[in-house]
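*Asks:* with the sequence up front, the predicted model follows.
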Amino acid sequence: MRQLTYAQAIREAHAQLLREDSRVFICGQGVWNPWYAGKSLLDLDKEFGRDRVLDCPVSENATTAAGIGAAIAGMRPIVFHARMDFMLLAVDPIINQAANWSYLFGGQGSVPIVIRCVINRGGEQGAQHSQALHGLFTHVPGLKVVMPSTPYDAKGLLIASVRDRNPVLYIDDRWLYDDSGDVPEETYEVPIGKAAVRRQGKDVTLAATSFMAAEAIQAVETLAGLGVDVELIDLRTVKPWDRDLVFSSVGKTGRLVIADAAWHSGGVAADVAATVTGELFHALKAPILRVCLPDAPAPTSAVLERAYFIGPGDIVAAVQKVLH
Amino acid sequence: MRQLTYAQAIREAHAQLLREDSRVFICGQGVWNPWYAGKSLLDLDKEFGRDRVLDCPVSENATTAAGIGAAIAGMRPIVFHARMDFMLLAVDPIINQAANWSYLFGGQGSVPIVIRCVINRGGEQGAQHSQALHGLFTHVPGLKVVMPSTPYDAKGLLIASVRDRNPVLYIDDRWLYDDSGDVPEETYEVPIGKAAVRRQGKDVTLAATSFMAAEAIQAVETLAGLGVDVELIDLRTVKPWDRDLVFSSVGKTGRLVIADAAWHSGGVAADVAATVTGELFHALKAPILRVCLPDAPAPTSAVLERAYFIGPGDIVAAVQKVLH
Amino acid sequence: MYDDRTWAMELLTGLYRTMLLIRLTEERIAALIEAKEIKTPCHLCIGQEAIAAGVCAALDGQDSIWGGHRSHGHYLAKGGDLNGLLAEILGKTTGCSTGRGGSMHLIDTAVGVMGTVPLVGATIPLAAGAAWASKLRGDGRVAVAFFGDGATEEGHFHESLNLASLYRLPVLFVCENNFYSTHMPLAERRPKDNIVQSADLHGMPGVRVDGNDVMEVYESARAAVKRARDGQGPTLLECRTYRWRGHVGPAWDLDVGEQRRRELEEWLPKDPLPRLRRRIVEAGGRLDEFDTMEQEVRADIEAAVRFARDSPTPDPSELLQHVYGPRG
Amino acid sequence: MYDDRTWAMELLTGLYRTMLLIRLTEERIAALIEAKEIKTPCHLCIGQEAIAAGVCAALDGQDSIWGGHRSHGHYLAKGGDLNGLLAEILGKTTGCSTGRGGSMHLIDTAVGVMGTVPLVGATIPLAAGAAWASKLRGDGRVAVAFFGDGATEEGHFHESLNLASLYRLPVLFVCENNFYSTHMPLAERRPKDNIVQSADLHGMPGVRVDGNDVMEVYESARAAVKRARDGQGPTLLECRTYRWRGHVGPAWDLDVGEQRRRELEEWLPKDPLPRLRRRIVEAGGRLDEFDTMEQEVRADIEAAVRFARDSPTPDPSELLQHVYGPRG
Ligand SMILES: Cc1ncc(C[n+]2csc(CCOP(=O)(O)OP(=O)(O)O)c2C)c(N)n1
Ligand SMILES: Cc1ncc(C[n+]2csc(CCOP(=O)(O)OP(=O)(O)O)c2C)c(N)n1
Ligand SMILES: [Mg+2]
Ligand SMILES: [Mg+2]
């Protein structure tokens, strides 16, 4: 099948959505320039015009809130934040308004917005340009949060997110932009809330998110070489995450490791671990381990970055730990 | 010993801190008027002057960030947010700046600020005036988060928070303001990071936060009546929470219920459950249950509020569940 | 100063009827609060009715309005269902927000009340966004954000004005400057009494209006709406007015002391209703018509109170409905 | 227009030396980036040196400055340690932030560099807070926030100006208007080229300054500092200038096309260094002194590069240090 990179897949989804639905528009900082978005929005402004692809002032709060207002008024905006760190200025409209809107009006209002933000870390950028903050939003009812790890999902989840009538946080990872994979030319949806089994296995369930789901591929191969048969689940949606699939897998393996490249305390990994312990306790044969970032901001110096960020090796170690 | 209400205890701590340390000042909306803060700041402006007790414009971001700047410059500000919901406008300076500051300058900067916010829910106020959002902040390294449930702790934790050299979120609950208890007249600190055993027990460990820790008193009595011997732990600090005490208690009881009046998905309860499962798995005899709010915004209509908020009954039910 | 051709008697009486409906509804709500029949916090707009009435009279049904915590008047002026308002405030399923929103979260999309929410200033950018939608669709609709003087202290007020002006969005920013944010007078919150000046900074017209003169409000709003529909972008209206009751609830709020007492003495005579009433009489309106009108309005309000009382409370089993909308 | 008494030769040569130090350091850093020896993103201030130099010359050692992502110049102008800057950018333990901050997070509290951080506009309220501290302590110190034109689009820019003006805080808001926010020209981000007008809205003096004339910058800053110390509150300086290199990195950034090329042609002749140099020569400065100065500055920079290269990288075992400060 046709191969696209992760960034190209995102760009294609945007283009097809802009083409198929006149209600779709894109706004945010950096959408006219590859500096921020890499190839993921390349020349969309030239193709669809700068009315529908709008590079905005440095006003995260109002840009996001205006997108919310446009969504309530019937549009299908995609608000872009080149870095998730900057989106903290827009937490108020996202949590107080977008997340609550449907409920507090008894379902009479809905906010079909996609708030797209990028995890863009490493490269000695430091603490304020590295944060993976999805764990703040998975706590909040009314929001959906998706984190594709493959080009296929990057396209399919963006399409599903834009077509969903709820506020969806679409989080892509700059470290995945050059990965390639099969991507159909036509539009298709990857259902929100459904995880994917990347590898069947019987010894341990490994549930991973986003970049760690990609890193996990290598880890499970290494483990296979060591005779460990891992079932790898890519969560894809972290709110609401796929209880059925995770439960049935853990029901089978009795062991669970969760890999999420966010801070260790709290967050998605903790919620998955807590939920499984609460509801599947008697199926568990071993402690549930989380492979996450240390509870510290990101440093800059390359030697510290190498110590800070996690990868396949950390996954392998955790899986071996739950087996012995 | 002398009895004070929770609100009076908070007020006394503020007054003593203003008296003992000229670096302390209070700013935020509603500090000159009991409407917002109840008796917890009553007439402090009259006693200490409106330079040091400052009622600010409706500018949560800049007020909080200016407090952070003043703290970096050597003051000991207490920034007040009458409702935690409003503080979402100040998440950027709290997370991007205050939490990261010490680390990214290698310890050369510190942010000795107390950001005090109130959980003020119920009363048919609805979704945007009811949120208990501590779970957003317990995910973030560099922050400390305290949630007193008694007048004694309300005073002692505020004093400890102001004397701490790190950014501390001090979260009090409007539903506790009229509770009374023993409060020494002199200044004292309740150490940050230390939980309190409210009742010794051998059957189940119940770890509760803030208002739920108060509600739990009644629940454990009911349970005692039913012959269930609960060890009740008031976490008091939710970041960093007291691993030693929780671990030793669960090590003894083998059973854990966590009560936190915040949304069920994610948050502190999930982190405690996940951590105990990860590190104390073999001591566990039963699933860890969380007693939390449903994953929904707060409704207004009283009948829905009654269904939405949780209390002793929910705790009792959960404890009985982990016993059978 | 008025363009007299526009002052047909129906318009005048229509404006009066709207203000009367708001005034009497708010007073009825005040009574229900005192009777402890209402629990949800209500921020009454008594004294400020002319702004809601004047602005909404300049709008079409298709146009949208967005409000805040003090928006009973905006809801009613735009044609929001009276029964739905009372039922919502009494926490009933028949409420405009099905009993999930209370006084501070009102909606009636059928008449363009898109939503009122109590985070101060929150709907300023939302209204700009609705205008953005209209500009992209070319549907000719105008959006209005109602907010107070306090809301202008939120940074996103400025961010929103800049966006709306930059993109020439068809939106009216209607600031009801009642000189207070809760207990805090304007002078303790900003160096100058110059909210209207924000417009010039952000490159749009700003008009300072006597917010207790409904005709002046109407004319200014009409001009701003025309500008917006003609694609010339947003306008900021600073409507100067005064809140009679407490920040929240029915109390006359003399508690905040001397200053308020003096100010009230000065503002009560500026009551927008008698002012318009005089004008109508000058224009030949008959006094007995006012009595008929008042009886009709009171009857509607009492019917709405009965409707609300007779309506069922929400079923707790539906607590978790609508956390997510359709398709999710 | 200048008060000549203040233009002692030492002041002029001091200003020149500061600008030269910044220029040559930035060019050296540019070379190290091209040599791939520097990885941390560097936002060079080449062409804008006069603002950092002029403002900081008007400050005392006790005064504090706060910067952003483009702050190498601010750090050096305030007297920040050159070795510490180079070592930080090379990611060494001897860096001013111990290798945890990189180019975008600089600090040297000994000389009043309180912190530079890359969240746009983030230090505007922080500086106001430092000024608040000074007002409460009565220590006579002034705080300066350096930020760009893009930062004025963040709502907290306005919130901060309002707070500072309301409380008469001793703070200077120094906007370096280089007409770009990354690739976006000012005209695509706000309706009017009127940043300075924000000052009047918020009740403080606003001064538009030729940001490439170091003497004009110095005089305006000195007047604002005096106002601040006298308890008269904040001032906004809009210093108009131009960024020569790319938003980030050493490239000349002609990629953004014709407009940039034309603008550069117009701005390169306004280079602040030759302008001051001419002035010094008019005032009787000797040319050979410039050569000596340049040799000295280059020697310092090379020494700093050597120092940085010879310094150790942080020990990974210290990764988790300083997440929390002392006492916790
Ligand atoms: C973001 C936010 N901050 C603070 C509050 C608390 N609050 C509720 S109403 C109000 C006063 C707002 O004043 P103004 O905007 O002038 O409206 P008015 O009450 O005068 O109609 C405040 C500060 C809030 N609801 N939201
Ligand atoms: C809050 C936030 N939003 C967006 C960015 C991305 N960003 C980095 S630098 C920059 C340009 C800022 O322009 P300006 O303030 O004029 O400073 P200049 O780069 O021109 O010196 C932007 C938008 C950021 N760092 N922080
Ligand atoms: Mg007001
Ligand atoms: Mg700029």
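*Replies:* Structure's in. What do you need? Residues are numbered from 1 along each chain as shown, chains lettered A, B, ... in the order given. Ligands and ions are numbered 1, 2, ... in the order given.
*Asks:* tell me who's in contact with A:Pro151.
*Replies:* Residues in contact with A:Pro151 (CB atoms under 8 Å, 6 or more residues apart in numbering or on different chains) are A:3-6, A:8-9, A:179-183. In this view, the C-beta of every residue, glycine as well, is placed from N, C-alpha and C.
*Asks:* next: C:Leu268.
*Replies:* C:Trp244.
*Asks:* wait, C:Ala199 touches C:Pro205, no?
*Replies:* Yes. If you go by CB atoms under 8 Å, C:Ala199 and C:Pro205 touch, sitting 6.0 Å apart.
*Asks:* state the mean pLDDT of stretch C:235-249.
*Replies:* Per-residue pLDDT over stretch C:235-249 has a mean of 96.
*Asks:* so how far is that stretch off the chain centroid?
*Replies:* When distances are taken as CA atoms, centre = their mean, to the nearest Å, stretch C:235-249 is centred 9 Å away from the chain's centroid.
*Asks:* that one vs chain B: in contact?
*Replies:* Yes. Counting by CB under 8 Å from any CB of the partner chain, chain B has neighbours in stretch C:235-249: C:247-248.
*Asks:* quote the end-to-end distance of that stretch.
*Replies:* Start-to-end span of stretch C:235-249 (CA to CA, to the nearest Å) is 32 Å.
*Asks:* now it: buried residues?
*Replies:* Buried residues in stretch C:235-249, counted by 16 or more other CB atoms under 10 Å in any protein chain shown: C:235-249.
*Asks:* so after the helix or strand of chain C with the lowest mean pLDDT, what's the next helix or strand?
*Replies:* Least confident helix or strand, chain C: helix C:258-267 with a mean of 90, by mean pLDDT, DSSP states H and E. Going down the chain from helix C:258-267, the next helix or strand is helix C:272-282, by DSSP states H and E.
*Asks:* who are the packing partners of that following helix?
*Replies:* In this structure, helix C:272-282 packs against helix C:9-34, helix C:49-57, helix C:214-229, with contacts taken as 3 or more CB pairs under 8 Å, 6 or more residues apart in numbering or on different chains; DSSP states H and E.
*Asks:* pull the number of nearby residues for whichever residue of chain C sits closest to ligand 4.
*Replies:* Going by CB to the ion, ligand 4 is nearest to C:Asn162 of chain C, at 15.6 Å. Neighbour count of C:Asn162, defined by other CB atoms under 10 Å in any protein chain shown: 27.
*Asks:* need the phi and psi values for it.
*Replies:* For C:Asn162, the backbone dihedrals (degrees, to the nearest 10) come out as phi -60, psi -50.
*Asks:* pretty sure it sits against A:Val58.
*Replies:* No. In this structure, C:Asn162 is not within contact of A:Val58 by CB under 8 Å, at 10.1 Å.
*Asks:* now the common contact residues for those two.
*Replies:* With CB under 8 Å, 6+ apart, C:Asn162 and A:Val58 have common neighbours D:153, D:189.
*Asks:* one step back: are any of the contacts of A:Pro151 buried, and if so which?
*Replies:* A:4-6, A:8-9, A:179, A:181, A:183.
*Asks:* reformat the residues you listed as TSV; add distance to ligand 1, pLDDT and secondary structure.
*Replies:* Shown next, in TSV, are those (distance: CB to the nearest ligand atom, whole Å; pLDDT from 0 to 100; DSSP: H, G, I helix; E, B strand; the rest coil):
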residue	distance to ligand 1	pLDDT	secondary structure
A:Leu4	43	98	strand
A:Thr5	42	98	strand
A:Tyr6	38	98	helix
A:Gln8	41	98	helix
A:Ala9	39	98	helix
A:Asp179	41	98	coil
A:Gly181	44	98	strand
A:Val183	43	98	coil
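*Asks:* could I get those as CSV with distance to chain D?
*Replies:* As requested, these are exported to CSV (distance: CB to the nearest CB, whole Å):
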residue, distance to chain D
A:Leu4, 25
A:Thr5, 22
A:Tyr6, 22
A:Gln8, 21
A:Ala9, 24
A:Asp179, 22
A:Gly181, 29
A:Val183, 28
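*Asks:* can you list those in CSV and add distance to C:Tyr16?
*Replies:* Output for the buried ones among the contacts of A:Pro151, formatted as CSV (distance: CB to CB, whole Å):
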residue, distance to C:Tyr16
A:Leu4, 65
A:Thr5, 66
A:Tyr6, 63
A:Gln8, 63
A:Ala9, 61
A:Asp179, 67
A:Gly181, 68
A:Val183, 64
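*Asks:* still on that earlier bit, and the least confident helix or strand of chain C, anywhere near chain B?
*Replies:* No. Using CB under 8 Å from any CB, helix C:258-267 stays clear of chain B, with a minimum separation of 12.5 Å.
*Asks:* show the backbone phi and psi for C:Cys239.
*Replies:* Main-chain torsions, C:Cys239, degrees, to the nearest 10: phi -100, psi 110.
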